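A.B. asks: My questions concern the predicted model and sequence given below.
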Amino acid sequence: MSDYMPSTDASFHRWQTDLVAEVEAHATLWGVSADYVTELKEKKAPWDAAYAKAENKQNRTSADVTAKNTELAVYKKYLRIFVTQWLSVNPKVSDADRTRIG
């Protein structure tokens with residue numbers, strides 16, 4: 001089975017940005033509580049910051065890359081749990097919704 005999360009950092013970053021936007025837009029319809037939406041955004045923030053810092057290849061340090069990789073692992077672990085709990089098995093999320101969010 002292939003992984004639904006993109007393998008490159010840039011593709012993952014776009015995917016997770018779209019995922020979080022979709023969750024925010026459809027949280028009420030999908031029954032995702034405001035607390036979980038807030039938590040999702042709080043888990044997203046460190047990844048966004050680390051990715052932005054490490055993305056610039058001319059000005060990044062090895063510590064920036066290590067921090068990005070650490071945040072990536074932590075965030076992916078969280079997202080797998082979130083997706084399973086709120087999107088994969090949620091009958092309020094249609095197959096069309098799942099396809100749209102990747």
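C.D. replies: All right, it came through fine.
A.B. asks: and L19, how many neighbours?
C.D. replies: Residue neighbour count, defined by other C-beta atoms under 10 Å, stands at 20 for L19. All C-beta spots, glycine's among them, are computed from the backbone N, C-alpha and C.
A.B. asks: hmm, who's touching the helix or strand hosting it?
C.D. replies: L19 is part of helix 9-30, with elements assigned from DSSP states H and E. Residues outside helix 9-30 that contact it (C-beta atoms under 8 Å, 6 or more residues apart in numbering): 5-6, 32-34, 36-37, 40-41, 44, 47-48, 51, 54-55, 68, 72, 75-76, 79, 83, 86-87, 90, 92-93, 97, 100-102.
A.B. asks: Check those for burial and list the buried ones.
C.D. replies: Among those, those classed as buried by neighbour count (16 or more other C-beta atoms under 10 Å) are 5, 32, 37, 40, 44, 47-48, 51, 54, 68, 72, 75, 79, 83, 86-87, 90, 93, 101.
A.B. asks: Tell me which entries of those residues lie within strands.
C.D. replies: Per DSSP state E, strands hold no members of those.
A.B. asks: Centre-most residue in the chain?
C.D. replies: Q16 (3.4 Å; C-alpha atoms, centre = their mean).
A.B. asks: how close does that residue get to Y78?
C.D. replies: 10 Å (C-beta to C-beta, to the nearest Å).
A.B. asks: intersection of neighbour lists for the two?
C.D. replies: Common neighbours of Q16 and Y78 are not found (criterion: C-beta under 8 Å, 6+ apart).
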